[in-house]
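Trainee: here is my input; please provide its structure:
(one chain, ligands or ions: 1)
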Amino acid sequence: MTTAPPPISEPDPSALVCPGDRVGLCASCQRKTHKYGSGGCPLCQWCMAPVMERWGPGVRYVSTRV
Ligand SMILES: [Zn+2]
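Mentor: Numbering: from 1, shown residues only. Okay, the predicted model is just below:
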């Protein structure tokens, strides 16, 4: 996937299709994303993609330590 992330003012697509009370800010870029509840993720898909590549699809919680 080579698509560049949209500006952070754009919510993650997942935020548009989940209940509003499950929307939160991405832990990394502060974009609105589906953060809480079933299927939620602390990172938006744009921040999640490289993490998934590195750690695999089972990753749920991501350390932001560098
Ligand atoms: Zn993000």
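
Trainee: per-residue pLDDT, residue 66?
Mentor: The per-residue pLDDT reported for residue 66 equals 53.

Trainee: is the worst-scoring helix or strand of the chain on mean pLDDT anywhere near the ion?
Mentor: Across the helices and strands of the chain, mean pLDDT, DSSP states H and E gives its lowest value to helix 45-55, namely a mean of 88. Yes - Helix 45-55 lies within reach of the ion by Cβ under 5 Å from the ion, at residue 47. For the C-beta atoms, the positions are set from N, CA and C on the backbone; glycine is no exception.

Trainee: give me the contacts around that helix.
Mentor: For helix 45-55, the surrounding residues in contact (Cβ atoms under 8 Å, 6 or more residues apart in numbering) are 1, 5-6, 12-14, 26-29, 31, 33, 41, 43, 59, 62.

Trainee: show me what contacts the most centrally placed residue in the chain?
Mentor: The residue lying closest to the centre of the chain (Cα atoms, centre = their mean) is residue 44, at 1.4 Å. Residue 44 is in contact with 12, 14-15, 26, 28-29, 31-33, counting by Cβ under 8 Å, 6+ apart.

Trainee: kindly report the same for residue 38.
Mentor: Residue 38 touches nothing, counting by Cβ under 8 Å, 6+ apart.

Trainee: could you tell me the end-to-end distance of stretch 16-34?
Mentor: One end of stretch 16-34 sits 8 Å from the other (Cα to Cα, to the nearest Å).

Trainee: could you list the residues of the protein in contact with the ion?
Mentor: So the chain meets the ion at 26, 28-29, 31, 44, 47 (Cβ under 5 Å from the ion).

Trainee: by neighbour count, which of those wins?
Mentor: residue 44 (28 neighbours; other Cβ atoms under 10 Å).

Trainee: for residue 32, which non-adjacent residue is spatially closest?
Mentor: residue 11 (3.7 Å; Cβ to Cβ, 6 or more residues apart in numbering).

Trainee: and the one you found, what pLDDT?
Mentor: With respect to pLDDT, residue 11 scores 96.

Trainee: next one: it from residue 50, what distance?
Mentor: Using Cβ to Cβ, to the nearest Å, we find residue 11 at a distance of 20 Å from residue 50.
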